[in-house]
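Participant: Structure for the following, please:
(2 chains)
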Protein chains: 2
Amino acid sequence: MRDKIILLGHGSGGQMMSDLINDVILPNIYTDGFFPEQEDAAFVDAPPGRLLFTTDSYVVDPFIFPGGNIGDLAVNGTINDLAMRGGTPIAISLGFILEEGLFIEDLKTVLRSIGCAARDAGAHIVCGDTKVVPRGRGDKIYINTSGVGAARDGLDIKGANARAGDVLIINGTIGDHGVAVLSKREGMRFETPAVSDTAALHTLVDDLLNSGVETHTLRDPTRGGLATVVVEIAEAAGVCVKLDERSIPVSRAVAGACEILGLDPLLVANEGKVIAVVAGKDADKALSVMRAHPLGREAAIIGEVTQSPAGRVTMTSFIGGSRIINRLPGELLPMIC
Amino acid sequence: MRDKIILLGHGSGGQMMSDLINDVILPNIYTDGFFPEQEDAAFVDAPPGRLLFTTDSYVVDPFIFPGGNIGDLAVNGTINDLAMRGGTPIAISLGFILEEGLFIEDLKTVLRSIGCAARDAGAHIVCGDTKVVPRGRGDKIYINTSGVGAARDGLDIKGANARAGDVLIINGTIGDHGVAVLSKREGMRFETPAVSDTAALHTLVDDLLNSGVETHTLRDPTRGGLATVVVEIAEAAGVCVKLDERSIPVSRAVAGACEILGLDPLLVANEGKVIAVVAGKDADKALSVMRAHPLGREAAIIGEVTQSPAGRVTMTSFIGGSRIINRLPGELLPMIC
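Facilitator: Okay, here's the model as predicted:
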C-alpha cells in the first residue's frame, strides 16, 4: 500500500477500505495462522456454560507512550475486565475510529502490539470495524475492544462480596500508567521516567483462583485510580475499608513525578494492577501466590475490611493519622486510557 | 443531574461519571426491569452451541436525522450484522466516546432510542463504557456497539456460498439512509424528504430461514451501498452476478435527490436492507416470505448468479445496455453511519 497516511476513503466501505484491511490491518495483527472471515459477524466456539462480555473504548493521548501504546493497552484492558470476574478470554473485537492524516506506519505499530497482546493471551481477534473521521473530529486513533470470555462455573466475583475480615492485596506499584502517559504528553523528562504498567492479568488471576484462595472481589484500578475503586467496593458491599498508606507500593519515579505535578498517586490510572479482596485467613497464601507471578513480585497487603462505617474508606497515613478517602470527583487527567 | 452539557469529568471514572451512568444513562436505556451490574464484565447466559460476535462503531453526522439517530442506528446495525449470519441477538455492549459540550438532552434522546431498539429486538445491553474527549477531538457522540448472538446449528451463511443459478433479492428500496443523512447534513429541503431505513432485520431473516428457503448469502448493504456488497459476494464466491437496474427499488425521494446531488444510489448506504442470495428454485417463495414481513413489502428480485466471468458484476440498464459494476473506490459520503 503506497499511501502513507489514512484518508477518508479508507473508511468508505469500498476498495480503499478493503485494501487497508487486507494489506495493513490483517497482516500486522495475525501471524499465527488465524485469519478472520470478512463477514458481518464471526462464529465463536465457546465452551458450554456462562459467558462474560465486556467493552471499553480507548482514547489515550499520546497513543504511543513509555511501556506500550493504545493497541496493547486496549487488548490488555479487555482481557483484564474479563479476568476481574474470573473469566478466560476467548474472542476480542476491534473497532477503529481513525482520524484522517494518521500515519500508516503508526497504525502498523499499534496493530503489531494488538496482535502480540492477543496472541500472548491466547485470544483471537475475530471481528473488526474501521471508521475514518475528517481531521479535527478525532485524535489520530481511538480503539474499542470488546471481549467474550468463559466464566468459571459457580464463581461470582464482584464488589458487593467484600466482607468484614477480608484483606485487600495489590499486585504492585500504583500510578505508573497515568504518570507515564502524562509525562510523555507534557514532554517532561525525569531522571527515572515512569513506564506504563499495561499488562494482561488473567494468568495472575488464574493462579490466585486455582490456589483455592477465597477470593471475594477483583478490580483493576484504571481511571479514577486505587482510591476510586476501593470506594466503589466499600459502597457496593456496605463495608468499611481501612487502607494503610505505608504499605501501598509506589515507585520512586511515580512518587517524584506526582510530587512535582501535584497529583495524588491514589487517583492516578493503572493498567496492569488488580486489587484482590480475599478472606483474611488466606491473606498470606494469596500474597505468596501473587509474588510468585511475574506481575506480582511487589504484591502487598494494603488494607482490611471492617463492618462499619458502611461505605467508608479511611487511610492511615505515613505519620500515623487517619483520613477519609473519596473517589475521584471530576476530571484529573483526560484521555489517560 | 443539573449539568446541561457533557464535561470532561463525566469520563473520569470518578463521581461525575458514576452520576452520569446512574442518573442519565441507565434510566434512559432500561425501562423493562433489566439493570446491569456495574462490574468490569457482565455474565451472559448463552444457549449451548456456536455463538456469533460482531462490532461496529458509528460516527454519523448529524447524529439525529430523519428516521432515527445514532442510537437506534447502532443497535439495529449490530443486530443486523448478527442476523446476516443467521444469528439471534443475545447481548449488546455500548461504548460511548462523547465530545465535551454535548447537550445531555441530546444524549438522552439517543439513549432512549438505544433502549427501544434493544428491547424491540429482545436483546439486553449488558455492559458499557463512557469516554469523554475534549472539544475538537470528537464530534458530539460516537458509539461502538458489539453484539453476541446465538448461531443456528449447522448453518454457515456467507458470501462465498453464492452459486450459479441463485437469485438476489432485496427487501426494499435502496439509498434511503445515505440520502436522509446527507440531506439533513447539508440542510437541503426536498418536497418528499428521504427518511433513513434504519431497522432491525433479524425477524425478517428468521422468517426467511424458517420457511425453508435455501439461503446461501445474506448481506446488509451499508457503507459502499448495494454495488459494493454485490461485488464482494461475486469475488468471495468466484461467480458472476447480473443485476437488472429496472428491478432495483428506488424511492422517488432518493432518485430525485441522487440526481440533484450527482450520487449513484447503488453506492449509497442503507441501514435496513438485506440482500439475500437464495437458490433459484426458491426465488418465488423467498419473495413472498419477504413481502409478508413489514420490512419486506417492496422486496424484489434484482439479479441472478451465473458461472462466469468469475468475480464480475454487470448490470442491465433501463435502456437495455449492460455495464460493469465496481465497488465504491474511495470516499463518497464520510460519516454516513
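Participant: wait, does stretch A:295-314 make contact with chain B?
Facilitator: No: using Cβ under 8 Å from any Cβ of the partner chain, stretch A:295-314 stays clear of chain B, coming no nearer than 13.1 Å. To be clear about C-beta, it is placed using only N, CA and C from the backbone, and glycine gets the same treatment.
Participant: what comes up buried for that stretch?
Facilitator: A:295-296, A:299-306, A:312-314 (16 or more other Cβ atoms under 10 Å in any protein chain shown).
Participant: For A:Glu298, which residues are in contact?
Facilitator: Neighbouring residues of A:Glu298 by Cβ atoms under 8 Å, 6 or more residues apart in numbering or on different chains: A:171-173, A:249, A:291.
Participant: Kindly report the domain assignment for chain A.
Facilitator: Here the domain parsing of chain A from automatic domain parsing is A:8-150, A:159-324.
Participant: A:Leu107: what secondary structure?
Facilitator: At A:Leu107, secondary structure determined by DSSP: H, G, I helix; E, B strand; the rest coil is helix.
Participant: Chain A: helices as residue ranges?
Facilitator: Secondary structure of chain A (DSSP state H): helices located at A:15-19, A:26-29, A:70-83, A:104-121, A:176-186, A:202-210, A:225-237, A:252-261, A:283-291.
Participant: Among these, which comes closest to B:Asp40?
Facilitator: Evaluated over the helices of chain A, closeness to B:Asp40 peaks at helix A:70-83, with 4.0 Å, by Cβ to Cβ.
Participant: can you pull the alpha-carbon coordinates of the closest one into PDB?
Facilitator: Output of helix A:70-83 as PDB, limited to C-alpha atoms (Å, rounded to 0.1, in the frame of the first residue of the first chain):
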ATOM      1  CA  ILE A  70      -3.100   2.200  22.600                       C
ATOM      2  CA  GLY A  71      -3.000  -1.200  20.900                       C
ATOM      3  CA  ASP A  72      -1.800  -3.400  23.700                       C
ATOM      4  CA  LEU A  73      -3.500  -1.100  26.200                       C
ATOM      5  CA  ALA A  74      -6.800  -1.900  24.600                       C
ATOM      6  CA  VAL A  75      -6.300  -5.700  24.300                       C
ATOM      7  CA  ASN A  76      -4.900  -6.000  27.800                       C
ATOM      8  CA  GLY A  77      -7.700  -3.800  29.200                       C
ATOM      9  CA  THR A  78     -10.400  -6.000  27.800                       C
ATOM     10  CA  ILE A  79      -8.600  -9.200  28.900                       C
ATOM     11  CA  ASN A  80      -8.400  -7.700  32.400                       C
ATOM     12  CA  ASP A  81     -12.000  -6.700  32.500                       C
ATOM     13  CA  LEU A  82     -12.900 -10.400  31.800                       C
ATOM     14  CA  ALA A  83     -10.300 -11.600  34.400                       C
END
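Participant: That one relative to helix A:176-186, how many degrees between them?
Facilitator: 160 degrees (axes from the mean of the first three to the mean of the last three Cα atoms, to 10 degrees).
Participant: and the angle from helix A:70-83 to helix A:104-121?
Facilitator: For helix A:70-83 against helix A:104-121, the angle by the same axes, to 10 degrees is 30 degrees.
Participant: Give the other helices and strands that helix A:70-83 contacts.
Facilitator: strand A:51-58, strand A:88-99, helix A:104-121, strand A:141-150, helix A:202-210 (3 or more Cβ pairs under 8 Å, 6 or more residues apart in numbering or on different chains; DSSP states H and E).
Participant: And the contacts of the longest one?
Facilitator: Counting contacts by Cβ under 8 Å, 6+ apart, the residues outside helix A:104-121 that touch it are A:1, A:3-6, A:24-25, A:28-32, A:63-64, A:68-72, A:74-76, A:79, A:89, A:92, A:94, A:98, A:124-125, A:140-141, A:143, A:200, A:202.
Participant: Emit the PyMOL select command for whichever of these are buried.
Facilitator: Restricted to buried positions by 16+ other Cβ under 10 Å, the PyMOL selection for those reads:
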select buried, chain A and resi 6+24+25+28+29+30+63+64+68+69+70+71+72+74+75+76+79+89+92+94+98+124+125+140+141+143+200+202
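Participant: re the thing from before, quick check: which of the helices of chain A is nearest to B:Met16?
Facilitator: helix A:225-237 (11.2 Å).
Participant: From the chain's centroid, how far away is the closest one?
Facilitator: Centroid separation between helix A:225-237 and its chain, computed with Cα atoms, centre = their mean, to the nearest Å, is 16 Å.
Participant: does any part of it sit near chain B?
Facilitator: Yes: legend: contact between helix A:225-237 and chain B by Cβ under 8 Å from any Cβ is shown at A:225, A:228.
Participant: Show me what that helix is packed up against.
Facilitator: Using 3+ Cβ pairs under 8 Å, 6+ apart, helix A:225-237 sits against strand A:215-219, strand A:240-244, strand A:275-279, strand A:313-316.
Participant: Can you tell me the closest non-neighbouring residue to A:Leu7?
Facilitator: Spatial nearest neighbour of A:Leu7, chain neighbours left out: A:Glu100 (6.3 Å); criterion: Cβ to Cβ, 6 or more residues apart in numbering or on different chains.
Participant: One more: A:Phe103?
Facilitator: Nearest to A:Phe103 is A:Ile5, by Cβ to Cβ, 6+ apart, at 5.8 Å.
Participant: ok, so what distance separates A:Thr173 from chain B?
Facilitator: Separation of A:Thr173 from chain B (Cβ to the nearest Cβ, to the nearest Å) stands at 19 Å.
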